[in-house]
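J.: whatever this is, show me its structure:
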Amino acid sequence: MTAKQEVAIYTDGACSGNPGPGGWAAVLMAQGKTREISGYEEDTTNNRMELTAAIEALEKLTRPCKVKLYSDSSYLVSAFNQGWLKNWQKNGWRNSAGQAVSNPDLWQKLVAMTEKHDVEWIKVKGHSDNKWNNRCDQLAVEQIKINRQ
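T.: Numbering: from 1, shown residues only. Here you go, the predicted structure:
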């Protein structure tokens, strides 16, 4: 059995207003190569853009990989690392307060992808000195600007 390819992914989402027009971006790095992807949604939220960035990046992987996914979104990283997702699923996509979880469509896509890939979710400080997180932020904001002209 061959070892899974290791991939580093940085993601970010941005929104002009919340809700409002939004952008997402990711930088994928593997085997010495770097690929940038980004996109836009007309009417969305910051959290949806954070989740979309992770989904879009993971969808680019053509075979099961060992992924280190870096995000400045506590919402995204904590859902996996603190067991929120398991509890939400167990409780019929309801949170600890019994309310419907926001963005279940995107969470369900992410859960399916984590069954294909080994993903380590890593929180990084946003708008700080992380080159790749800053690049993702720049790409996401650019998507909003170029699509609102």
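J.: identify the residues contacting Val119.
T.: By CB atoms under 8 Å, 6 or more residues apart in numbering, the residues touching Val119 are Leu58, Val67, Leu69, Phe80, Met113. Quick note: C-beta positions are derived from backbone N, CA and C, even for glycine.
J.: rerun that using 6 Å as the cut-off
T.: Counting by CB atoms under 6 Å, 6 or more residues apart in numbering, Val119 makes contact with Val67, Leu69.
J.: how far away is the spatially most central residue of the chain from Gly83?
T.: Central residue of the chain (CA atoms, centre = their mean): Ala54, 2.5 Å from the mean position. Ala54 is 18 Å from Gly83, where distance means CB to CB, to the nearest Å.
J.: what does Asn47 give?
T.: According to CB to CB, Asn47 and Gly83 sit 18 Å apart.
J.: for the two, indicate the residue with more neighbours.
T.: Asn47 (18 against 11; other CB atoms under 10 Å).
J.: the more buried one: helix or strand, and which one exactly?
T.: helix 46-59 (DSSP states H and E).
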